[in-house]
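In: Next one to model:
(one chain, ligands or ions: 1)
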Amino acid sequence: MQKGCVKMDTDRYIVDGQHRLEGQVWVHGAKNAALPILAASLLCDGCEIENCPDLSDIRAAENILRHLGCRTAWDEDSNGQKVLSVIPAPAAVWDIPDALMQQMRSSIVFLGAIVARCGRAKLSYPGGCELGPRPIDLHLSSLKKLGVQILEEGNELVCSVPHKLHGAKITLPFPSVGATENIMIAATLAEGETVICNAAREPEIVDLAGFLNACGARIRLCSDGTIAICGVPKLHGCRYRVIPDRIVTVTYLCCCMTATGEVTVRGAQPQHLGAVLPVLEEMGAQLHTDGNDIHLRCKAPLRAANTISTMPYPGFPTDALAPVMAVACYAQGSTIFVENIFQDRFKQAWQLCRMGADIHAEGRVAVVRGPQQLHGTKVQCTDLRGGAALVVAALGAQGRTEIEQIHHILRGYEKLDQTLRTLGAAIVRK
Ligand code: EPZ
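Out: This is a model prediction of the structure:
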């Protein structure tokens, strides 16, 4: 496996700031669409996932698929984009060892697929993560309604289906992305119809439904956040293209705002960023979208945005908060961030303050005062999007920034340093 996405804990980025960015970059496939699709691939008889990003989280999911008996192979299509093929084997293995569960907490999304495929499953509780506790109560209560029996033995979940998975009406108290995905996948082969009320509406949910329907499932997404799944006896295979990563798109745009310059992000889906693009324009970006291309021109000074509150889709995405916070450090005025999804979304704030930012974070609110001229220093990634925020900040900083623990970034950004170098950034991986 190339060094590209292997977690090298000693690896770091060295960034020399204030190099103007110019040119165009292509955005890779969405990690958070590809992961549930790979879990769902357990239920079909062979699939090829186009535009699959080559990330450490994806490799972790691939390791789980192989442990479960699947054969997987990477290829490239005529555009040089990655295609990951999955050939499931007979439903022999139904457990996920703790070591594999701990590699990636979102492995919980495999639960619904394994139960639907094998009628049983055994896996350990996924750990919390840098964003705080990551409960799975909605996943478990929903799967029980579909007929899954779940015993919690210590840190292990032992699941079985005494009869057959059957349809149910499930109302989620919160539109949980992962719980919606687990229900959709398990309900695909259940007897009868399942209706999910107050389901998540993220583009990644739509993509998972698209993949499953391409394999013969019968899933209907309604505009009010209701999802209806009519169970089918079997799924066939398919070749399916994953949507572009909307958070990586935002990150590239934020890089151009702190470094200043003129960049076109190609292969994006601007309609997935309806709550974010206006904020970037409010902060001083000149944006023009043309089909799947987003053209951004930005020169200092940046302006503070009105209060940014994260919400489930189509609201402002929590994953975009950290990169936009890095931009706000350079903006004239105060920007208030309110995080309504995760408990610890501000961990990068302290690292940004070490670079000279003026951020006061308390509970779910952070206030960023600017403009501050950030300066290079040694900083550490705390989580995936917090790490990306440090790169965004370093590109506008005076001097050299050393960003350590970049394995967090490698979970969700393919070749970030190489991509930024093509735009003129002075960034290397050591
Ligand atoms: C998905 O996480 C994404 N991960 C996250 O992206 C993203 O931030 C999040 O959705 C929100 O959009 C993947 O798709 C792999 P949730 P998920 O279930 O499914 C609470 C990234 O950077 N909750 O919608 O875990 C939970 O604690 C990652 O790529 C329960 O209380 O998100 C959180 O506060 C970070 N009980 C809130 O709901 C449950 O059973 C949102 O969780 C499940 C969730």
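
In: Would you quantify the distance from the residue in the chain sticking out farthest from the centre to L151?
Out: Using CA atoms, centre = their mean, the residue of the chain lying farthest from its centre is H163. It sits 34.7 Å away. Distance of H163 to L151, computed by CB to CB, to the nearest Å: 16 Å. From N, CA and C alone the C-beta is placed, and that goes for glycine too.

In: just A394 next, same as before
Out: 48 Å.

In: Helix or strand: which one has the residue farthest from the centre of the chain?
Out: Using DSSP states H and E, H163 sits within no helix or strand.

In: Not counting sequence-adjacent ones, nearest residue to it?
Out: In space, and not counting its chain neighbours, H163 is closest to G147: 6.1 Å by CB to CB, 6 or more residues apart in numbering.

In: Do you know the pLDDT at that neighbour?
Out: The score at G147 is 98. That number is its pLDDT.

In: Help me confirm that it is found in a strand?
Out: No: using DSSP: H, G, I helix; E, B strand; the rest coil, the assignment for G147 is coil, not a strand.

In: ok, and the closest non-adjacent residue to I96?
Out: L123 (4.1 Å).

In: Alpha carbons of the lowest-mean-pLDDT helix or strand in the chain, as PDB, please.
Out: Across the helices and strands of the chain, mean confidence by mean pLDDT, DSSP states H and E is lowest for helix 98-103: a mean of 88. C-alpha atoms of helix 98-103 as PDB (Å, rounded to 0.1, in the frame of the first residue of the first chain):
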ATOM      1  CA  ASP A  98     -12.100  -5.000  18.100                       C
ATOM      2  CA  ALA A  99      -8.800  -4.000  16.400                       C
ATOM      3  CA  LEU A 100     -10.700  -3.300  13.200                       C
ATOM      4  CA  MET A 101     -13.600  -1.500  15.000                       C
ATOM      5  CA  GLN A 102     -11.100   0.800  16.800                       C
ATOM      6  CA  GLN A 103      -9.400   1.700  13.400                       C
END
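
In: Is the ligand within reach of that helix?
Out: No: using CB under 6 Å from any ligand atom, helix 98-103 never reaches the ligand; the gap is at least 12.8 Å.

In: And the contacts of that helix?
Out: 60, 63-64, 67, 107, 123-127, 155 (CB atoms under 8 Å, 6 or more residues apart in numbering).

In: Inside strands: which ones of those residues?
Out: 123-124 (DSSP state E).

In: partners of G23 in the sheet?
Out: V263 (DSSP bridges).

In: burial measure for it, as a count.
Out: 12 (other CB atoms under 10 Å).

In: do the same with Q24
Out: Neighbours of Q24 using other CB under 10 Å come to 14.

In: Settle this for me: it is touching V263, isn't it.
Out: Yes: the criterion here is CB atoms under 8 Å, and Q24 meets it with V263 at 6.9 Å.

In: Report the next helix or strand after the least confident helix or strand of the chain in sequence order.
Out: helix 110-118.

In: Once you drop chain neighbours, what's closest to Q351?
Out: Using CB to CB, 6+ apart, the nearest residue to Q351 is V379, at 4.3 Å.

In: Next one: that neighbour from the ligand, what distance?
Out: 19 Å (CB to the nearest ligand atom, to the nearest Å).

In: Looks to me like D57 is in a helix.
Out: Yes: counting by three-state DSSP, D57 falls inside a helix.

In: Show me which residues of the stretch 251-400 of the chain sit near the ligand.
Out: 318-319, 341-342, 384-385.

In: Contact partners for L165?
Out: So L165 contacts 115-116, 146-148, 186-187, 189-191, 231 (CB under 8 Å, 6+ apart).

In: what's the closest non-adjacent residue to it?
Out: A190 (3.8 Å).

In: Is it correct that the one you found is in contact with A116?
Out: Yes: A190 is within contact range of A116, at 7.4 Å (criterion: CB under 8 Å).

In: So these two - more neighbours on which side?
Out: Neighbour count, other CB under 10 Å: between A190 and A116, A116 has more, with 27 against 23.

In: which residues touch the more buried one?
Out: Contacts of A116 (CB under 8 Å, 6+ apart): 42-43, 165, 185-186, 188-190.

In: quick one: it from T194, how far?
Out: From A116 over to T194 (counting by CB to CB), the distance is 12 Å.

In: between A394 and L151, which one's more packed in?
Out: Using other CB under 10 Å as the criterion, A394 and L151 rank with A394 on top: 31 against 10.

In: Helix or strand: which one has that one?
Out: helix 384-396.

In: export that helix as PDB, just CAs?
Out: In PDB, the C-alpha atoms belonging to helix 384-396 read as follows (Å, rounded to 0.1, in the frame of the first residue of the first chain):
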ATOM      1  CA  LEU A 384      -9.800  15.300  10.900                       C
ATOM      2  CA  ARG A 385     -11.400  18.700  10.200                       C
ATOM      3  CA  GLY A 386      -9.500  20.400  13.000                       C
ATOM      4  CA  GLY A 387      -6.300  19.300  11.200                       C
ATOM      5  CA  ALA A 388      -7.600  20.600   7.900                       C
ATOM      6  CA  ALA A 389      -8.200  23.900   9.600                       C
ATOM      7  CA  LEU A 390      -4.600  24.100  10.700                       C
ATOM      8  CA  VAL A 391      -3.500  23.700   7.000                       C
ATOM      9  CA  VAL A 392      -6.000  26.500   6.000                       C
ATOM     10  CA  ALA A 393      -4.500  28.800   8.700                       C
ATOM     11  CA  ALA A 394      -0.900  28.000   7.900                       C
ATOM     12  CA  LEU A 395      -1.400  28.900   4.300                       C
ATOM     13  CA  GLY A 396      -2.100  32.500   5.400                       C
END
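
In: name the helices or strands packed onto that helix?
Out: strand 12-16, helix 246-259, helix 321-328, helix 348-354, strand 400-404, helix 407-410, helix 416-422, strand 426-429 (3 or more CB pairs under 8 Å, 6 or more residues apart in numbering; DSSP states H and E).

In: what's the most buried one of those?
Out: Mean neighbours per residue, mean count of other CB atoms under 10 Å, is largest over the helices and strands packed on helix 384-396 for helix 321-328, with a mean of 30.

In: Show me what secondary structure element comes after that one.
Out: Next helix or strand after helix 321-328 toward the C-terminus (DSSP H and E): strand 331-338.

In: tell me the contacts of the residue lying closest to R385 once chain neighbours are set aside?
Out: Nearest non-adjacent residue to R385, counting by CB to CB, 6+ apart: A322, 4.1 Å away. Shown in contact with A322 (CB under 8 Å, 6+ apart): 345, 348, 385-386, 388-389.

In: ok, which pair from the residues you listed is furthest apart?
Out: Across those, the longest distance by CB to CB is 12.9 Å; it joins R345 and A388.
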